[in-house]
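> Fold the following.
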Amino acid sequence: MRKCRVCHNELSDDKFGTTKKKDKQNVVREYKDSTCMACRRQLHLAKPGKREIHRAGTKSWYHNNPEKAKSQRLKRYGLDYEGYNKLREKQSCSCAICGKHETEVSQGRATTPATALHVDHCHETQVVRGLLCTNCNIILGKCYDNVSILLKAIEYLEKQK
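Okay, here's the model as predicted:
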């Protein structure tokens with residue numbers, strides 16, 4: 001454990017980077033930074049123009065590495081890209097609710113059909129329920145996964161026929 005000189009939080013050593021410097025005898029030595037990585041990043045991005053450079057680089061990386069980007073986002077659900085693909089195959093590459101194939105889905109920011117379906121999960125238990133198209137995912141989100149709201153919406157639609 002060590003204390004960051006900027007935020008003064010007591011953090012584990014893995015939250016601090018290392019710096020390599022040559023000493024007077026030209027021997028490279030490693031030193032643990034006195035500032036945590038989060039604070040170093042904030043200080044770096046506070047410099048004029050750095051935030052825009054960082055955003056452009058990030059946008060470019062996401063565009064050039066769609067599978068790695070998807071894999072990073074999947075970690076929050078306890079999935080990796082292979083697990084996502086197994087779930088896709090299990091659902092025949094289609095939305096679990098409306099059945100639209102991923103090639104028919106309006107993809108939004110997804111760059112390939114393989115990333116068009118969203119991971120649906122229970123917000124209370126964090127258990128993954130399946131993969132949904134954007135519209136079906138939004139429907140569940142807007143009604144807060146509340147079955148009674150969905151049933152009332154069904155009743156409403158049936159009355160309008």
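> which intervals of this structure have sub-threshold pLDDT?
107-115 (pLDDT under 70).
> now the strands for it?
Applying DSSP state E to the chain gives strands spanning 2-3, 10-11, 16-22, 28-36, 118-121, 128-132.
> Kindly state which of the ones you listed is positioned closest to Glu104.
Evaluated over the strands of the chain, closeness to Glu104 peaks at strand 128-132, with 13.4 Å, by CB to CB. Every C-beta, even on glycine, is put in place using the N, C-alpha and C of the backbone.
> Would you mind finding the longest helix in the protein?
Of all the segments of type helix in the chain, defined by DSSP state H, the longest one is helix 50-64.
> Buried residues in that one, which are they?
Tyr62 (16 or more other CB atoms under 10 Å).
> residue contacts, Gly78?
For Gly78, the residues meeting the contact criterion (CB atoms under 8 Å, 6 or more residues apart in numbering) are Gln126, Val128.
> Look up how far Asn9 lies from it.
From Gly78 over to Asn9 the distance is 27 Å, taken as CB to CB, to the nearest Å.
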